[in-house]
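With the sequence up front, the predicted model follows.
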Amino acid sequence: IMKTGARLPRGLRWLGLMALGGVSLAVQAEEKIVLLTSWYAQAEQGGYYQAQATGLYKKYGLDVEIRSGGPQVNGMQLLLSKRADVIIGYDLQLLEGIQRGFQAKAIAAPFQYDPQGLLTHADVTSLQGLKDKTILVSSSGQATWWPWLKAQYQLSDAQVRPYTFNIQPFVVDDAVAQQAYVSSEVFQVQKAGVKANFFLFSEHGYPPYGGILIARPDTIAERKAAMAKFVRASMEGWVSYLKDPAPGNALIKQDNPKMTDDLLAWGVTQIREHHLIDGGDAASQGWGTMTDARWQKTRDFMVSAGLLAAATDWKQAYTTEFVQAMQVKP
């Protein structure tokens, strides 16, 4: 008989047994999972907050804690140091990490397309019109989408200036273009009254997924059932969020008091309109799906851009075991 207050081994499915009138009553424990997002709470994380708000995680026996990321948070470092069980990350950074020997694997791709793109003033009507523009690129952009854009449209590193997540340099200078998320900076610029165009890179051939779910191989091996339930519950959360985002949005605003209703509504609209979650392979294979062919396209781009050594075992970066037969759809 276990003493009151005794600590149970991690992952134990039963909290304890109580004898009552000769009948054993089993109380099922919820399995704790810490999810670290890639940014402050916003619509791009709506499915996870929705799964929390509507009880989907609890339905699957999970106690999920959502922690917000941000510009000063190194998600991969926190994952590898076991301070998070799952992180939202990006396939380019993951593949680069695999090259460096990191122990991490993608377990699902909720965003079939990256929300990243370029914001230009109204005079630029295509990505071919960037040759005489200053382009604001963040440090992470330098190692992800910029090599692709530069090669595709014969641009130069001399055109690049740092992007500091402040839209004012773009607002005041017609000769500037800047990186942007379709669900974020595009909205800010519209509110500022600037006539602008936005080009979503994925609609022009940029191959990576968007925010992918990443876990450590040891977590996948030791907590396989919990990871499968987490992926399914999260994707069901996305289905629910895009139908009625109100429950998830309430939690998002709790975690990020600066978030506004109009920005959340814009983000949801853009996710729907650009089919960021239900497009591509997800339309036929279920939301969150990943394919070898898609990962290889990203690998091939990285090798051609000098971002990844050709000998890197890129298939170590992901597992499709949790999504290949899941078939979560509306």
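Looks like it arrived, so ask away.

my guess is Met227 meets Met326, correct?
No: counting by Cβ atoms under 8 Å, Met227 stays clear of Met326, with 11.9 Å between them. For the C-beta atoms, the positions are set from N, CA and C on the backbone; glycine is no exception.

which one of those two has more residues nearby?
Remark: of Met227 and Met326, Met227 carries more neighbours, 24 against 20, as counted by other Cβ atoms under 10 Å.

State the number of residues packed around Cys237.
No Cys there; residue 237 is Gly. Neighbours of Gly237 using other Cβ under 10 Å come to 27.

Which phi and psi values does Leu119 adopt?
phi -100, psi 130 (degrees, to the nearest 10).

That one and Val186: what is the separation?
6 Å (Cβ to Cβ, to the nearest Å).

Using CSV, list the CA coordinates for stretch 177-189.
What follows is stretch 177-189, C-alpha atoms only, in CSV (Å, rounded to 0.1, in the frame of the first residue of the first chain):
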residue,chain,number,x,y,z
ALA,A,177,10.4,46.1,-47.9
GLN,A,178,10.3,44.0,-44.8
GLN,A,179,9.7,40.5,-43.6
ALA,A,180,6.2,39.9,-42.2
TYR,A,181,3.8,37.3,-40.9
VAL,A,182,0.5,37.3,-42.8
SER,A,183,-1.2,37.3,-39.4
SER,A,184,0.7,40.0,-37.7
GLU,A,185,2.7,42.8,-39.4
VAL,A,186,0.4,42.9,-42.4
PHE,A,187,-2.4,43.9,-40.0
GLN,A,188,-0.2,46.5,-38.3
VAL,A,189,0.7,48.2,-41.5
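
quick one: it to chain centroid distance?
Averaging C-alpha positions (Cα atoms, centre = their mean, to the nearest Å) puts stretch 177-189 17 Å from its chain's average.

Run through the neighbouring helices and strands of the helix or strand where Tyr48 lies.
Taking DSSP states H and E as the definition, one finds Tyr48 inside helix 46-53. Judged by 3 or more Cβ pairs under 8 Å, 6 or more residues apart in numbering; DSSP states H and E, helix 46-53 is in contact with strand 62-67, helix 224-243, helix 246-255, helix 261-273.

try it again with 10 Å
strand 31-36, helix 56-59, strand 62-67, helix 224-243, helix 246-255, helix 261-273 (3 or more Cβ pairs under 10 Å, 6 or more residues apart in numbering; DSSP states H and E).
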